[in-house]
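K.L.:
sequence unknown, structure follows:
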């Protein structure tokens, strides 16, 4: 790393409540439609996700915009606030992304099993050294140090599209995860949370909701589906989209409905449309200015 990342991240504690940026420092932060705990959870923000701060309420709720443009409120004790300098330093730092298919732990040192935090797929942390081959030191967005298993984290720079097989494999690895409205983590997810997580594992930033995903990419006929296509369901009389699934092949989709599971294309609901996504039609982590100050090919 160009400089001591621990010192960089500790600077955030000096940032005022109206700092321009924020990042969740817990594995999964809940995003509410209104600034109160009883409001609907519309989505989640994963650790290390760059968030633009739009405003801060007197009761401690932070109005944020996410990299995909989605907006909501997160309670401030789930967030680390950053000014422009701290955010730029983070963009330029060496980071890793959690790719484990299930919830894992990071520990107080290289040998202990005392946890510092849990981690889920899609969490982003700073990398601090190469480790001992089994575990490596990481730094969380709030400056906490921890040790994670090397096999659970890969360099963020490596998060690039390598074909639809990886997307489908990530979806398969979520089998049995319970349905959770607004969820997009391995703790629980809804239908569009599953597709968003699966594509994010290959560097794609999909829109959050099924109705938004249904206008991304190019339209394809249901009888011409290819692996990795998104199939959208809803009410034929209105055309309203209320469900999305990933086409696995051989007439089967992977969907989050009650739990993440397989289903036949025609049994998952009334098909409204299907879309095929390409790098040019979706945002990528490597090309998004909130993640990087440079473009990652």
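P.N.:
Received, thanks. Only a predicted model underlies this, so the values are computations on that prediction, with no experimental measurement involved.

K.L.:
drop to CA atoms for contacts and neighbour counts, all remaining ones
P.N.:
Noted.

K.L.:
how about the closest residue to residue 283 other than its chain neighbours, what does it touch?
P.N.:
Counting by Cα to Cα, 6 or more residues apart in numbering, residue 283 lies nearest to residue 205, which is 5.2 Å off, once chain neighbours are set aside. For residue 205, the contact set (Cα atoms under 8 Å, 6 or more residues apart in numbering) comprises 67, 68, 196, 199, 282, 283, 284, 285.

K.L.:
confidence score at the first one?
P.N.:
So the one you mean is residue 67. We have a pLDDT of 96 for residue 67.

K.L.:
so is it in a helix, a strand, or just coil?
P.N.:
Counting by DSSP: H, G, I helix; E, B strand; the rest coil, the backbone at residue 67 sits in coil.

K.L.:
Residue 51 is in contact with that one, correct?
P.N.:
Yes - contact status for residue 67 versus residue 51: in contact at 6.8 Å, counting by Cα atoms under 8 Å.

K.L.:
Which one of those two is surrounded by more residues?
P.N.:
Neighbour totals were compared for residue 67 and residue 51, and residue 51 leads with 25 against 20 (other Cα atoms under 10 Å).

K.L.:
partner residues bridging that one?
P.N.:
Using DSSP bridges, the beta-bridge partners of residue 51 come out as residue 22.

K.L.:
Contacts only, for it.
P.N.:
By Cα under 8 Å, 6+ apart, the contact list for residue 51 reads 21, 22, 23, 64, 65, 66, 67.

K.L.:
can we see that at 6 Å?
P.N.:
Listed by Cα atoms under 6 Å, 6 or more residues apart in numbering, the contact set of residue 51 reads 21, 22, 23, 64, 65, 66.

K.L.:
Serialize those to CSV and add fields for distance to residue 164 and neighbour count.
P.N.:
Conversion of those to CSV gives the following (distance: Cα to Cα, whole Å; neighbours: other Cα atoms under 10 Å):
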residue, distance to residue 164, neighbour count
21, 33, 23
22, 32, 27
23, 29, 27
64, 31, 24
65, 28, 18
66, 25, 18
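
K.L.:
and of these, the nearest to residue 40?
P.N.:
Nearest to residue 40 among these, counting by Cα to Cα, is residue 64 at 15.6 Å.

K.L.:
correct me, but the closest one touches residue 53?
P.N.:
Yes - with contact defined as Cα atoms under 6 Å, residue 64 reaches residue 53; the gap is 4.7 Å.

K.L.:
picking that back up, tell me the one of the contacts of residue 205 nearest residue 81?
P.N.:
Using Cα to Cα, the shortest approach to residue 81 within these belongs to residue 67, at 16.0 Å.

K.L.:
Test for you: state the pLDDT assigned to the nearest residue to residue 108 once chain neighbours are set aside.
P.N.:
Using Cα to Cα, 6+ apart and skipping the chain neighbours, the partner closest in space to residue 108 is residue 146 (5.1 Å). Looking at residue 146, its pLDDT is 97.

K.L.:
Before I go, just wanted to say thanks for your time.
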